[in-house]
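[1] requesting a structural model of the entry that follows:
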Amino acid sequence: MTLLDKTVLDDAGLSEATAGDYLELLKPRVMSLVVFTAFVGMVAAPVTLNPFIAVVAILSIAIGAGASGALNMWYDADIDALMSRTKARPIPKGRIAPREALVFGLVLSALSVLTLGVLVNWLSAGLLAFTIFFYAVVYTMWLKRWTPQNIVIGGAAGSFPPVIGWAAATGTVSLESVILFLIIFLWTPPHFWALALYKSGEYARAGIPMMPNVVGPASTRRQIFTYALIVALVGVVPFVLGYTGEIYGAAATILGTGFVIYAASVLAAPLDDPTMKAEKALFGFSILYLFGIFAAYLADALAGRILAAGGV
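    Alright, predicted model coming up:
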């Protein structure tokens, strides 16, 4: 389906969407993770940010993330209609017209970037603009339907929030923020490939070349395990380099070990297991891993600020 086709699908008129339908377009669950990791990057930065500026930055990043989600849903409406986990989204169900979703996403994109640039700084705004472009154009319109490496390369879009948060606070990009980027970037493939293993039939029907459909489940499982090992190692780098203290170091070690164990269970599971129990367990734990490791980073950063404020 071409871009022109997608923009004229709703010549019949405007839809009667509710506020809840527009909220769903923003992918609120994904947005919450974006906001959280961006906030961690902001708090971890070695500066004291004005509370008003911090709120503006977080809201802008949240709106930008939502805009990316809306543009993704607009373009992917045809394949969303073919998959059980996405077919109830507002556009496939006809609750929101494609054209409305496109305009909504574009307006929010411009609003988020301009607000962040004018009220915070243009480095963070530029990074946000690039992230929206990368997710909506590079990943959604190109990589997703073209290569089994779609998640590997496209994962960069979801990895930028802590860097944007850091840039909003400091006006710079540091090695520490890049390491936070790498944790999310390397976490993304095993997270999504675990989902792809037990949803491979749906991805095949939608014509999306996910790794299990292209190289097979055995190779995908080996790659998942390899990435899990790398994620576990990179996860402890902030502690090794002295960016964090024992709180984060302990959490990263425990969570990384758990990630490897769950990935090993996927690698050892029978290929013909119809329940896909190991894959589903890894997918669930991977969400816990990312939230837990960034929560530990936040706790460590806040503890350091409290100790510094107390002169300890």
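[2] send me the helix or strand hosting residue 265 as PDB with only the CA atoms.
    Element membership for residue 265 (DSSP states H and E) is helix 246-268. Only the C-alpha atoms of helix 246-268 are listed here, as PDB (Å, rounded to 0.1, in the frame of the first residue of the first chain):
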ATOM      1  CA  GLU A 246      26.000  -0.700  45.100                       C
ATOM      2  CA  ILE A 247      22.200  -0.400  44.700                       C
ATOM      3  CA  TYR A 248      22.400  -0.400  40.900                       C
ATOM      4  CA  GLY A 249      25.400  -2.800  40.800                       C
ATOM      5  CA  ALA A 250      23.500  -5.500  42.800                       C
ATOM      6  CA  ALA A 251      20.200  -5.000  40.800                       C
ATOM      7  CA  ALA A 252      22.000  -5.100  37.500                       C
ATOM      8  CA  THR A 253      23.800  -8.300  38.400                       C
ATOM      9  CA  ILE A 254      20.700 -10.100  39.700                       C
ATOM     10  CA  LEU A 255      18.500  -8.900  36.800                       C
ATOM     11  CA  GLY A 256      21.100  -9.700  34.200                       C
ATOM     12  CA  THR A 257      21.600 -13.200  35.600                       C
ATOM     13  CA  GLY A 258      17.800 -13.700  35.500                       C
ATOM     14  CA  PHE A 259      17.700 -12.500  31.800                       C
ATOM     15  CA  VAL A 260      20.400 -15.100  30.900                       C
ATOM     16  CA  ILE A 261      18.600 -17.900  32.700                       C
ATOM     17  CA  TYR A 262      15.300 -17.100  31.000                       C
ATOM     18  CA  ALA A 263      17.000 -16.900  27.600                       C
ATOM     19  CA  ALA A 264      18.800 -20.300  28.300                       C
ATOM     20  CA  SER A 265      15.400 -21.800  29.000                       C
ATOM     21  CA  VAL A 266      14.200 -20.700  25.600                       C
ATOM     22  CA  LEU A 267      17.300 -22.100  24.000                       C
ATOM     23  CA  ALA A 268      16.800 -25.500  25.700                       C
END
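[3] what's in contact with it?
    190, 194, 197, 221-222, 224-225, 227-229, 231-233, 235-236, 238-239, 278-279, 281-282, 285-286, 288-289, 292-293, 295-297, 299-300, 303 (C-beta atoms under 8 Å, 6 or more residues apart in numbering). From N, CA and C alone the C-beta is placed, and that goes for glycine too.
[4] list the buried residues in that helix.
    Neighbour-count burial for helix 246-268, counted by 16 or more other C-beta atoms under 10 Å, picks out 247-249, 251-252, 255-256, 258-260, 262-267.
[5] tell me which two of these sit farthest apart.
    Based on C-beta to C-beta, the longest span within the buried residues of helix 246-268 runs between 247 and 267 and measures 30.7 Å.
[6] now stretch 201-217: how far from the chain's centre is it?
    Taking C-alpha atoms, centre = their mean, to the nearest Å, the mean C-alpha location of stretch 201-217 is offset from the chain mean by 21 Å.
[7] quick check: which ranges of the stretch 151-300 of the chain have low pLDDT?
    By pLDDT under 70, the stretch 151-300 of the chain has no low-scoring segment.
[8] for it, what spans make up the strands?
    For the stretch 151-300 of the chain, no strands are identified by DSSP state E, counting those that start in this stretch.
[9] what about the helices in it?
    156-159, 161-170, 175-198, 200-206, 211-215, 217-235, 237-240, 246-268, 277-309 (DSSP state H, counting those that start in this stretch).
[10] turn those into CSV, columns for distance to residue 81.
    Conversion of the helices of the stretch 151-300 of the chain to CSV gives the following (distance: least, C-beta to C-beta, whole Å):
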stretch, distance to residue 81
helix 156-159, 23
helix 161-170, 29
helix 175-198, 19
helix 200-206, 9
helix 211-215, 19
helix 217-235, 25
helix 237-240, 42
helix 246-268, 29
helix 277-309, 23
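[11] contacting residues around residue 232?
    Residues near residue 232 by C-beta under 8 Å, 6+ apart: 256-257, 259-260.
[12] next: residue 288.
    residue 255.
[13] what residues sit buried inside stretch 166-180?
    Burial within stretch 166-180, assessed by neighbour count using 16+ other C-beta under 10 Å, is assigned to 166-170, 173-174, 176-177, 179-180.
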